[in-house]
Structure formats: C-alpha cells, structure tokens
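>>> Let me see the structure of the following:
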Amino acid sequence: MSIFQQQLSRRGLLRVGGGLAAAAAVGTSLVGCSSPGTTDDVLRIGCMLPITGPNALLGQSSWRGVELAAQMRNEAGGIAGKKLEIVFADVPDVRMAASESRRLVFSKNIKISLGTYGSSLSLAASEVFARTGYAYVELGGVSPAIVSRGYERVFRINPDSNKMAIKALEIMKDFVAPQLGKSPSELKVMVVHEDSNYGQSLATAAKKAAEPLGMKIFATEAYSAKQTDVSSTVARIKAAKPDAVFAISYAADAVLLGRSMRDAGVKVPAWVGGGGGYSMQEFSNALGSAADGVLDADFPQPRMNTEQAPGLPEFLERYREKYGVDPDSGYPQVNFTGASLVFDVLESIGGIDDPDAFAQAMRQADFAAGQSVCGWGLQIGDDGQNTRSDHNVMQWRDGKLETVYPAKYAVRDAELITPFSR
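As a prediction, this is how the structure comes out:
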C-alpha cells in the first residue's frame with residue numbers, strides 16, 4: 001500500500017482542518033526573494049496554475065487538489081521525514097508560464113515542478129524546466145505535444161486528448177448510434193471546438209480516432225473562446241443537422257453555446273463535451289434544465305463507482321471540510337491524484353529533488369490501477385506519458401454530473417435526452 005493510500009485510510013486525519021501545512025507562496029509575491037531550494041529538512045517543489053485570468057475557475061480547482069494533497073502528506077509525516085513545501089506560481093497566460101518557470105528555476109532553486117492545467121501553459125512551462133535539465137510533471141494539460149518533444153524529464157500523469165476523443169466517440173458508437181437506430185458508420189458526427197491548442201488538439205484527435213471505430217467526422221466548426229456571439233456557429237450546426245456533436249469548450253463559451261442553441265431552438269440528439277467547461281458545476285447552474293442530457297468525456301468526476309476509486313469518499317469529506325463546498329469539477333480530484341502519485345515517487349527516492357533520480361524513479365514506478373481517487377495507477381511509457389490513466393463519460397441530469405460509461409465506473413445508465421431544449 002502506498003503512502004497515498006495509507007493517508008486516505010487514516011480516519012483520524014478527517015478531523016484535521018486548517019490551511020496548508022506546507023508554506024505555499026502565491027504568484028509574484030516572491031519576486032526578488034532568493035530561496036535555498038530543498039534542504040535537509042524541507043523538500044521544495046514548484047506548482048504553476050492559472051488562478052487569475054480567463055482560466056481561473058479550473059485553475060483554482062486544480063490548485064485545491066494539489067494543496068489538499070500536500071496538506072495531507074505533511075499531516076502523515078511529510079516525504080521521507082521532510083516537510084513538503086509547495087512553491088506556487090500563478091500563470092494566467094503563456095508569457096507568465098514561461099517567466100514564472102524561469103523565476104522558479106533561477107530564483108527559487110526549484111528542480112521539480114507540477115503544472116499547469118492548460119496545454120499551452122504546459123508547453124511553455126515544461127520547455128523551461130526541460131532545457132535547464134530539471135523535471136516537470138503535467139497534471140491536467142491534454143495536448144499530445146506535451147510529451148512528444150523527446151524531453152527525458154517531462155512527464156504527464158493525466159490522459160491526453162487522444163484518449164478523450166476516443167472515449168467521446170466510443171459513447172457515440174456504443175450508446176448514441178443504437179439509440180438512434182443507426183450503425184456507427186451512418187452516424188453524422190460534427191466537431192465544434194474553440195480554436196486554441198486545447199480545441200485543435202482534440203479536434204485532430206477525433207478525426208484520427210474515428211476511422212478505427214468505423215465512424216466518420218463529416219463536419220468541423222472552429223470558433224474563438226473569446227467571442228461573445230456564437231450565433232454564426234449555431235447557424236452552421238443547424239444547417240449541418242448532425243446526429244451528434246463533439247464539443248470542445250472552456251467555461252464561458254460552453255455556457256454561451258448552450259444558451260445560443262436553446263434560444264435558437266436548434267436541437268441535436270446528442271451533445272458530447274470534451275471536458276473543459278462541460279465538467280464544471282457552473283455549466284449546469286447557468287443553464288438549469290437545458291443542460292440535462294449533455295454527455296461529457298473527461299477526467300474522472302466525483303460521482304463515480306467508488307469500488308474503482310478507493311479513498312474517494314474520504315477525499316470528498318476532506319475537501320468539504322477544508323473548502324466548505326463540494327468540488328465544482330473533477331479537477332481537484334485529478335490534481336490530488338497526480339500530486340499524490342508524484343509524492344509517492346519522491347518518497348521512494350528519499351525525499352530528494354535530484355532531477356535524474358526523480359526521472360529514473362518515475363520511469364520505474366509501477367502502481368496498479370485502482371490505487372487513487374480517480375481509479376488511476378502509474379506506469380510511464382517511453383514518451384513520459386502515464387499509461388494507466390484514462391477518461392470516463394459523464395452525463396448531466398437534474399444538476400448532477402454522474403458517470404455513465406464505461407460500465408465499471410458508472411453510477412447509472414446513460415439516457416438519450418436532447419440537450420438545450422428545455
């Protein structure tokens with residue numbers, strides 16, 4: 001049993017409240033201050049996430065997962081007897097991701113960092129760490145490019161956009177097509193995506209995944225997440241008359257698309273989101289019953305079969321205790337999982353931050369699936385990607401996002417409900 005599992009099973013920890021036991025320094029408050037880095041008593045690693053700017057909602061959710069994982073690790077005795085300290089940096093955009101990475105490396109003596117929620121942010125941040133010979137672990141960005149550049153010390157715990165696209169098309173093949181009385185090859189699938197690295201990578205992945213599943217993407221529509229009017233996009237969806245839409249959106253544009261579809265009276269039998277805004281409670285809160293029926297292929301979410309995710313109830317209890325609310329998405333759960341697995345690897349090398357020792361330990365890690373609150377394990381492939389993480393499919397119903405696919409993770413069956421029609 002890993003320390004990660006042990007700390008979740010210690011019921012006494014559930015009574016411990018308060019803030020992060022590690023000293024977390026936020027954003028630019030440390031600019032100009034030098035740091036000794038890791039010492040004999042303190043293990044310091046970095047963490048970069050966007051807690052301000054356009055991606056702040058999911059960035060803050062991600063940070064809560066890392067923060068809680070660090071707190072619980074310190075309560076359980078730290079890492080190899082050392083106190084764990086997270087040196088935090090706010091990275092609202094690509095420019096800040098690069099500059100804050102340099103600050104962590106050159107001013108804070110940080111040799112290992114976690115990050116960054118967004119693919120574009122991750123590409124910039126990991127580049128700095130890789131080129132300085134240090135180690136970087138992505139916990140949320142899904143672009144395949146993060147681990148396809150040949151960097152030996154860049155890793156990713158979460159699954160990439162290829163797996164997300166496959167899962168979205170699989171639910172169309174296994175559920176939507178039979179419900180509509182069509183074969184997979186007859187299903188008219190349209191991809192609608194925001195035009196950043198996130199949306200583009202998922203659109204590309206969907207096209208690549210369709211043929212092996214006997215399916216075809218017959219139409220693709222891109223838009224800017226910064227748009228305040230998506231009526232032209234909705235008009236093109238209406239004209240295309242798809243059976244199913246695979247939609248890749250951030251928070252605000254997911255709500256905007258849903259409202260615009262509803263107001264225009266455009267009906268599509270199945271709408272499958274690709275994570276992002278479709279996983280957030282704010283999406284359902286904003287749309288109300290109009291969100292019912294929307295499917296979402298994404299990271300594991302809180303409402304899943306806990307037999308496949310040991311420790312999930314305890315994690316949720318600790319989260320509510322610390323933050324006073326339920327998680328608004330799966331991002332706290334995912335980042336808690338990723339950070340905790342990294343902490344286990346650091347434990348295995350005695351709590352040192354040597355990048356080469358850490359990289360070697362990451363590549364030797366062999367944690368079976370089912371050892372985390374996501375149901376993920378850890379085994380690193382040749383490219384630095386964790387091969388034991390995957391996406392699930394959830395569905396919004398009555399304000400709740402519940403897992404419906406694959407069956408072993410599901411808490412209820414999917415239903416074919418036309419979204420944005422109420």
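>>> Export stretch 169-186 to PDB, keeping only CA atoms.
Provided in PDB are the C-alpha atoms of stretch 169-186 (Å, rounded to 0.1, in the frame of the first residue of the first chain):
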ATOM      1  CA  LEU A 169     -16.600   8.600 -30.000                       C
ATOM      2  CA  GLU A 170     -17.000   5.300 -28.100                       C
ATOM      3  CA  ILE A 171     -20.000   6.600 -26.300                       C
ATOM      4  CA  MET A 172     -21.500   7.700 -29.600                       C
ATOM      5  CA  LYS A 173     -20.700   4.300 -31.100                       C
ATOM      6  CA  ASP A 174     -21.900   2.100 -28.200                       C
ATOM      7  CA  PHE A 175     -24.800   4.200 -27.000                       C
ATOM      8  CA  VAL A 176     -25.900   7.100 -29.300                       C
ATOM      9  CA  ALA A 177     -25.900   5.100 -32.600                       C
ATOM     10  CA  PRO A 178     -28.000   2.200 -31.300                       C
ATOM     11  CA  GLN A 179     -30.400   4.700 -29.600                       C
ATOM     12  CA  LEU A 180     -31.000   6.400 -33.000                       C
ATOM     13  CA  GLY A 181     -31.200   3.000 -34.800                       C
ATOM     14  CA  LYS A 182     -28.100   3.700 -36.800                       C
ATOM     15  CA  SER A 183     -24.800   1.900 -37.400                       C
ATOM     16  CA  PRO A 184     -21.700   3.800 -36.300                       C
ATOM     17  CA  SER A 185     -20.800   4.500 -39.900                       C
ATOM     18  CA  GLU A 186     -24.200   6.100 -40.500                       C
END
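>>> now that stretch, how far from the centre of its chain.
26 Å (Cα atoms, centre = their mean, to the nearest Å).
>>> who's in contact with it?
Here stretch 169-186 makes contact (Cβ atoms under 8 Å, 6 or more residues apart in numbering) with 187, 189, 206, 209-210, 213-216, 243-244, 246, 269-270, 272, 295, 297, 393, 404-405, 414, 416. Just so you know, the C-beta spots here come from the backbone N, C-alpha and C atoms, and that holds for glycine as well.
>>> contacting residues around residue 365?
341, 344, 345, 348, 378, 379, 380.
>>> so the second one touches residue 367, yeah?
Meaning residue 344. Yes - using Cβ atoms under 8 Å, residue 344 makes contact with residue 367 at a distance of 7.2 Å.
>>> one step back: want to throw the contacts of residue 365 into a markdown table with pLDDT?
Below are the contacts of residue 365 laid out as a markdown table (pLDDT from 0 to 100):
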| residue | pLDDT |
| --- | --- |
| 341 | 97 |
| 344 | 98 |
| 345 | 98 |
| 348 | 98 |
| 378 | 98 |
| 379 | 98 |
| 380 | 98 |
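>>> any idea which of these is closest to residue 88?
residue 341 (19.2 Å; Cβ to Cβ).
>>> ok so the closest one is a strand residue?
No - assigned with DSSP: H, G, I helix; E, B strand; the rest coil, residue 341 falls outside any strand and is helix.
>>> Show the contacting residues for the residue nearest to it when sequence neighbours are not counted.
Using Cβ to Cβ, 6 or more residues apart in numbering and skipping residues adjacent in sequence, the residue nearest residue 341 is residue 378, 4.9 Å away. Neighbouring residues of residue 378 by Cβ under 8 Å, 6+ apart: 157, 341, 344, 345, 365, 366, 367, 371, 386, 388.
>>> Among those residues, which one lies nearest to residue 303?
For these, the nearest to residue 303 is residue 371 (20.3 Å; Cβ to Cβ).
>>> neighbours around the closest residue to the closest one other than its chain neighbours, how many?
Spatial nearest neighbour of residue 371, excluding adjacent residues (Cβ to Cβ, 6+ apart): residue 377 at 5.5 Å. Neighbour count of residue 377, defined by other Cβ atoms under 10 Å: 18.
>>> what does residue 334 give?
Quick note: residue 334 (other Cβ under 10 Å) scores 30 neighbours.
>>> circling back: now the contacts of residue 378 in TSV, please, with extra columns for distance to residue 147.
Listed next are those as TSV, based on distance: Cβ to Cβ, whole Å:
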residue	distance to residue 147
157	11
341	16
344	20
345	16
365	15
366	19
367	18
371	22
386	9
388	15
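>>> Which among those residues count as buried?
157, 341, 344, 345, 365, 367, 371, 386, 388 (16 or more other Cβ atoms under 10 Å).
>>> Which secondary structure state is assigned to the third one?
It stands for residue 344. Under three-state DSSP, residue 344 comes out as helix.
>>> Residue 155 versus that one, what's the distance?
13 Å (Cβ to Cβ, to the nearest Å).
>>> what residues go with each domain of the protein?
3-159+304-390, 162-298+393-409 (automatic domain parsing).
>>> picking up where we left off before, specify the beta-bridge partners of the residue nearest to residue 341.
residue 367 (DSSP bridges).
>>> Could you check how far it is from residue 211?
From residue 378 to residue 211 the distance is 31 Å (Cβ to Cβ).
>>> Likewise for residue 181?
Residue 181 is 22 Å from residue 211, by Cβ to Cβ.
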